[in-house]
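# Requesting a structural model of the entry that follows:
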Amino acid sequence: MILLKAVTAYIAVQQLMEREMDYESAHALVVLKGRLKEHAEFFMAEEQKLAQEYGAKNEDGRVTIDEHGRFRMRDEAAGTEYNRKRRELAAVNVEDIEPVTVHRIDRISPAQIEALEGVVVFA
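Numbering: from 1, shown residues only. As a prediction, this is how the structure comes out:
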C-alpha cells in the first residue's frame with residue numbers, strides 16, 4: 001500500500017465515524033483508524049516540512065496562506081520541487097493494513113468507498 005492510500009483511508013474512516021452503526025462495525029472502524037493513524041500523522045508532518053521549505057513566508061517567518069486556505073509557493077521553481085517531493089512522499093510504500101469487516105452502511109459516498117477499498121470489507 002502507498003502512503004497516500006493510507007491517508008485517504010484514514011480521512012474516510014474519520015468521516016464514517018460520525019455515523020451511528022452497529023457495535024461490531026463501529027469497533028472495527030476504531031481499530032482501523034488506529035492502524036492508519038501513524039501513517040496519516042507521518043504524511044501530515046512531512047507535508048508540513050515541505051511547506052516550510054518551499055512556501056512563501058510573511059515577515060514573521062510563517063508560511064503565507066491564501067484565501068482558499070492553501071499555502072503559497074516561494075516561486076515557480078519551489079513549487080515544482082515541492083510537487084516532486086510531495087509525489088515521492090505520497091508514493092512511499094507502507095505495510096499493508098489488515099482489512100476490517102463493516103456491515104453495509106446505508107449512505108456512503110463513492111469517494112469513501114474508493115478510499116476504503118482494500119482496508120474495509122463491507123458485509
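
# give me every residue that touches residue 85.
residue 50 (C-beta atoms under 8 Å, 6 or more residues apart in numbering). Backbone N, C-alpha and C define where each C-beta goes, glycine included.

# Next SSE downstream of the longest helix along the chain?
The longest helix of the chain (DSSP state H) is helix 23-54. Once helix 23-54 ends, the next helix or strand along the chain (criterion: DSSP states H and E) is helix 76-90.

# I'd like the average pLDDT over the helix or strand just after that next one.
Using DSSP H and E, the helix or strand that follows helix 76-90 towards the C-terminus is strand 100-102. The average pLDDT within strand 100-102 is 97.

# Name the residues that touch strand 100-102?
Strand 100-102 is contacted by residues 21, 24-25, 28-29, 31-32, 119-123 when judged by C-beta under 8 Å, 6+ apart.

# what do you get for stretch 47-63?
Here stretch 47-63 makes contact (C-beta under 8 Å, 6+ apart) with 64, 71-74, 78-79, 81-82, 85-86, 89.

# Would you mind listing the buried residues in the longest helix of the chain?
Across helix 23-54, burial judged by 16 or more other C-beta atoms under 10 Å covers 25-26, 28-29, 32-33, 35-36, 39-40, 42-43, 46-47, 50-51, 54.

# Out of all residues in the chain, which is the farthest from the middle?
residue 59 (30.4 Å; C-alpha atoms, centre = their mean).

# Residue 19 versus that one, what's the distance?
According to C-beta to C-beta, to the nearest Å, residue 59 and residue 19 sit 45 Å apart.

# any idea how far the nearest residue to residue 82 once chain neighbours are set aside is from residue 40?
Leaving aside its chain neighbours, residue 82 sits nearest to residue 54 (3.9 Å; criterion: C-beta to C-beta, 6 or more residues apart in numbering). From residue 54 across to residue 40, the span is 21 Å (C-beta to C-beta).
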